[in-house]
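>>> I would like the atomic coordinates for the input below:
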Amino acid sequence: TGTEYLLSDSSLPAPTPGTTLSCILLSDSGQAPTGARSYRIRRQPANTSDAPLQFPRGIGIDLQASGATGLNSPETFDGGGVDLVGVMFNANGALDGLIYKNKLRSSVAQIFILLGVFENGNNGSQNADDYDFDAFPILDADNLAQRRSRINWLNADSRWVTVNRAGRVVTSANNTSFNPEQLPYIDMLPTDPRDKRDELRRRQLNGVGNNPGAREFAAQMQSEGGR
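Got it, this is the predicted structure:
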């Protein structure tokens, strides 16, 4: 006859599936312990009648360039090793949360998923020198085109799938209108090699000030159509 509450610390990571949760049932008089928090039981995901989406051969999700915006949300899903990325949707199909590094990020605003050439992914075959236009300037237009083809977020054939909290899902072209070898993309970079590569990638993805990046159209939710 009462209301159930979940005794939990909101600063802790999301509970691991299968973990026993401590709960208490309110008395008829509605008394609850100090600090109790209300909660909801969410059903496990159910199989849909829709056919699963099958990517064309050779196409994959590039987690090195994919990422999110919002409070405490990762700019990219490149965690430096094997990790789990989970996208949570509510009953209406809108974005509800993001699980990254075993923690629920409920304040996520947008999720950017980059579809590109599988071989270009962060699987050990990618050469970071290809997008380091500071230490390795381009030789000519053909050299720039070749290097762009090996980096998914610089490749005109890549596509972004963006999901936001309003329930919109759009497919956008990769913005390749900027020149990554020019200022401000290569200006005042960190001296540490790893930090330098991360900063170069961040600028090429998100842009610098009024200078656009690869996610320009995706961030603006400019739809190109497609499933």
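>>> what residues of the longest strand along the chain count as buried?
The longest strand of the chain (DSSP state E) is strand 108-117. Within strand 108-117, the residues that count as buried by 16 or more other C-beta atoms under 10 Å are 108, 110-117. All C-beta atoms are positioned from the backbone trio N, CA, C, and that covers glycine.
>>> please apply the same query to stretch 176-196.
For stretch 176-196, by 16+ other C-beta under 10 Å, it's 176, 178, 180-181, 185-186, 189, 196.
>>> got the contact list for it?
131-134, 137-138, 144, 148, 154-156, 199-200, 203-204, 207-209, 211-214, 216 (C-beta atoms under 8 Å, 6 or more residues apart in numbering).
>>> quick revisit: and of the buried residues of strand 108-117, the nearest to Lys101?
Lowest distance from Lys101 to these (C-beta to C-beta) belongs to Val108, with 13.2 Å.
>>> so for the protein, the centremost residue is which one?
Nearest residue to the geometric centre of the chain (C-alpha atoms, centre = their mean): Gly67, 2.1 Å.
>>> quick check: it vs Ala214, distance?
Using C-beta to C-beta, to the nearest Å, Gly67 is found at 11 Å from Ala214.
>>> and what of Gly207?
Distance, Gly207 to Ala214, by C-beta to C-beta: 8 Å.
>>> quick one: which of the two has more around it?
For Gly207 versus Ala214, neighbours defined as other C-beta atoms under 10 Å are more numerous around Ala214 (30 against 19).
>>> tell me, how many residues neighbour the nearest residue to that one once chain neighbours are set aside?
Distances taken as C-beta to C-beta, 6 or more residues apart in numbering put Trp153 closest to Ala214, at 4.3 Å, once the chain neighbours are dropped. Trp153 is flanked by 26 other residues according to other C-beta under 10 Å.
>>> wait, Trp153 sits on Gln204?
Yes. Counting by C-beta atoms under 8 Å, Gln204 is a contact partner of Trp153 at 6.2 Å.
>>> what do those two both touch?
Shared contacts of Trp153 and Gln204, defined by C-beta under 8 Å, 6+ apart, comprise Ala214.
>>> sec struct for Gly97, please.
strand (DSSP: H, G, I helix; E, B strand; the rest coil).
>>> need the contact list for it.
88, 104-106, 108.
>>> mind checking which of those land in strands?
Counting by DSSP E, the contacts of Gly97 place 88, 104-105, 108 in strands.
>>> which one (most neighbours) among the residues you listed?
Val108 (25 neighbours).
>>> show me the helices in the chain, by range?
Using DSSP state H, the helices of the chain run over residues 141-149, 193-206, 216-219.
>>> just send those back as CSV, with mean pLDDT and distance to Gly58 too.
Putting the helices of the chain into CSV (pLDDT from 0 to 100; distance: least, C-beta to C-beta, whole Å) gives the following:
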stretch, mean pLDDT, distance to Gly58
helix 141-149, 93, 13
helix 193-206, 94, 22
helix 216-219, 96, 22
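>>> need the winner for burial among these.
Ranked by mean neighbour count, those are led by helix 216-219 with a mean of 22 (mean count of other C-beta atoms under 10 Å).
>>> and that one, what does it pack against?
For helix 216-219, the packing partners by 3 or more C-beta pairs under 8 Å, 6 or more residues apart in numbering; DSSP states H and E come out as strand 108-117, strand 159-164, strand 169-173.
>>> export those strands to JSON lines and tack on mean pLDDT and distance to Asp96?
JSON lines is the format used below for the helices and strands packed on helix 216-219 (pLDDT from 0 to 100; distance: least, C-beta to C-beta, whole Å):
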{"stretch": "strand 108-117", "mean pLDDT": "94", "distance to Asp96": "9"}
{"stretch": "strand 159-164", "mean pLDDT": "94", "distance to Asp96": "10"}
{"stretch": "strand 169-173", "mean pLDDT": "93", "distance to Asp96": "13"}
